[in-house]
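A.B. asks: Let me see the structure of the following:
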Amino acid sequence: MNAPVATNRPVPRDEVMQIAAYVGGESKIAGVNRTIKLSSNEGAFGPPPAASAAYVKVAAELHRYPDGGSLALRRAIGARFGLDPERIVCGTGSDELIQHICHIYGGPGTDILMSQYGFTMYQISGTYAGARVIKVAEQGLTTDVDALIAAVTPATTVVFVANPNNPTGSLLSQSEMERLRAGLPGHVLLVLDAAYAEYIDRADYDAGVALVDAGENTIMLRTFSKVFGLGGMRVGWGYGPAAIIDAINRVRGVFNVNLAAQAAAVAALEEPGWVEASVAHNSKWRAWLMASLASVGIGTYPSEGNFFLADFETPERAAAADAYLKSRGIIVRAMGSYDLAHTLRITVGTEEECRLVAQALADFMKHG
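C.D. replies: Next comes the predicted model:
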């Protein structure tokens, strides 16, 4: 622990000042009336109608504190996914749960492992907790199971794996996830971040339930911000062993998921056909947009999410493409903060939005 420094103002911990603040996807372009936002992997169709109606319905109750245990929401999640509500914890987005996990199981003197291009919040939260966060090299923009296992030391307490991964879109099969779990010491917590799980339709994929149920050292994180279209409500949840859920419940905010968010999330789970229609749309237009880019000479990386990386080969060319898209009112995500500055991450939007992106990038490649 650092010795106090004499000063005339409060001084943050060293770990805090090492953190580069998270920068979300841009949402506005100065001087542009109509903006097409494809920078944050939000659902293409907005919120489910039932969720919007539920949000409005609770307006007269906003003076009331919400249910601190999110009981109705946990029961709805349990019913939808066949899980025990007592082993579910809800959070203000999965980001809150990530932070709690890092503080509970990390801290000074510990190591937290993540893949090279894993979600930035793992690094931010782990560093904030005082742990040393180690990024482990990937193979072909895909989490390297052997490298993660080899990176474990006696100081390792947590391993984060997003599956599918953001921002790369890559996926590990269930057999690879099982191999990873088997290769980690029993005291190391494996955190499976499955924010994009609903978009996956593969027989060799499990969002994390099987590994959670197989032992006492794995937790699965999920979110309502993607396919359920509730990014603005900030609702996430985790499913894990009773002891891990108990530990998180001891430190999370007493009323962490607000009243409107709980109501909207319950309604979103009950919207008939919403997930199925969203997934079918995503599969069709992700493939179409990737093929359209390939036809004009822009490479793309395989993705299992509602987004993909477009490869412009050099940072300068990616920056030029980003600027060109903005001139057309289209916002995608520059990837310099992930050390992938030669790429742009593009969210799969509506049919119209996908066609506009394809045309804009075709024009860019033709005229530059």
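A.B. asks: Endpoints of stretch 340-353, how far apart?
C.D. replies: Using Cα to Cα, to the nearest Å, the gap from the first to the last residue of stretch 340-353 comes to 24 Å.
A.B. asks: List the buried residues for that stretch?
C.D. replies: For stretch 340-353, a neighbour-count test (16 or more other Cβ atoms under 10 Å) marks L340, A341, H342, T343, L344, R345, I346, T347, V348, G349, E353 as buried. C-betas here are computed from N, CA, C, even on glycine.
A.B. asks: wait, isn't the first one in contact with N165?
C.D. replies: No - taking Cβ atoms under 8 Å as the contact criterion, L340 and N165 are not neighbours in contact, 11.9 Å apart.
A.B. asks: ok, back up a step: closest to N33 out of the buried residues of stretch 340-353?
C.D. replies: Each of the buried residues of stretch 340-353 was checked against N33 using Cβ to Cβ; the closest is E353, at 15.8 Å.
A.B. asks: Can you tell me the closest non-neighbouring residue to that closest one?
C.D. replies: The spatially closest residue to E353, leaving aside those adjacent along the chain, is I36, at 5.2 Å (Cβ to Cβ, 6 or more residues apart in numbering).
A.B. asks: With L211 instead?
C.D. replies: The shortest distance from L211 to any non-neighbouring residue, by Cβ to Cβ, 6+ apart, is to T218 (4.5 Å).
A.B. asks: Check A131 too.
C.D. replies: The shortest distance from A131 to any residue other than its chain neighbours is 3.6 Å, reached at G106 (Cβ to Cβ, 6+ apart).
A.B. asks: what sits against N258?
C.D. replies: Under the criterion of Cβ atoms under 8 Å, 6 or more residues apart in numbering, the contact partners of N258 comprise P66, M233.
A.B. asks: Pull up the gap between it and S225, please.
C.D. replies: Using Cβ to Cβ, to the nearest Å, N258 is found at 15 Å from S225.
A.B. asks: Enumerate every residue touching the residue most central in space within the chain.
C.D. replies: Nearest to the mean C-alpha position of the chain, counting by Cα atoms, centre = their mean, stands A195 at 5.0 Å. Going by Cβ under 8 Å, 6+ apart, A195 touches S94, A162, N166, L221, R222, T223, S225, K226.
A.B. asks: Please state the backbone phi and psi of V89?
C.D. replies: Dihedral angles phi and psi of V89 (degrees, to the nearest 10) take the values phi -130, psi 140.
A.B. asks: again but with G68, I slipped
C.D. replies: Backbone torsions for G68, taken as degrees, to the nearest 10, come to phi -60, psi -20.
A.B. asks: Alpha carbons only: can I get the helix or strand harbouring A267 in PDB?
C.D. replies: Secondary structure assigned from DSSP states H and E places A267 in helix 259-269. This file holds the C-alpha atoms of helix 259-269, laid out as PDB (Å, rounded to 0.1, in the frame of the first residue of the first chain):
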ATOM      1  CA  LEU A 259     -38.200   0.100 -11.000                       C
ATOM      2  CA  ALA A 260     -38.700   0.900 -14.700                       C
ATOM      3  CA  ALA A 261     -35.800  -1.300 -15.700                       C
ATOM      4  CA  GLN A 262     -37.200  -4.300 -13.800                       C
ATOM      5  CA  ALA A 263     -40.600  -3.900 -15.400                       C
ATOM      6  CA  ALA A 264     -39.300  -3.400 -18.900                       C
ATOM      7  CA  ALA A 265     -37.000  -6.400 -18.600                       C
ATOM      8  CA  VAL A 266     -39.800  -8.800 -17.400                       C
ATOM      9  CA  ALA A 267     -42.000  -7.600 -20.300                       C
ATOM     10  CA  ALA A 268     -39.200  -8.000 -22.800                       C
ATOM     11  CA  LEU A 269     -38.800 -11.700 -21.800                       C
END
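A.B. asks: Give me the distance from it to the chain's centre.
C.D. replies: 19 Å (Cα atoms, centre = their mean, to the nearest Å).
A.B. asks: and the following helix or strand past it, what's its mean pLDDT?
C.D. replies: Moving toward the C-terminus from helix 259-269, the next helix or strand (DSSP H and E) is helix 274-295. Model confidence over helix 274-295, given as mean pLDDT, is 97.
A.B. asks: Need the contact partners of the helix or strand following helix 274-295.
C.D. replies: In the C-terminal direction, the helix or strand that comes right after helix 274-295 (DSSP H and E) is strand 299-300. Contact partners of strand 299-300, identified using Cβ under 8 Å, 6+ apart, comprise M290, L293, A294, F308, L309, A310, D311, E313.
A.B. asks: re earlier: give me the element the residue nearest to the centre of the chain is part of.
C.D. replies: With elements delineated by DSSP H and E, A195 resides in a region that no helix or strand encompasses.
A.B. asks: helix, strand or coil for L172?
C.D. replies: Following DSSP: H, G, I helix; E, B strand; the rest coil, we place L172 in the coil state.
A.B. asks: Provide a list of residues in contact with C102.
C.D. replies: Shown here is C102, whose contacts under the criterion Cβ under 8 Å, 6+ apart are I112, Y122, S125, G126, Y128, A129, A131, V158.
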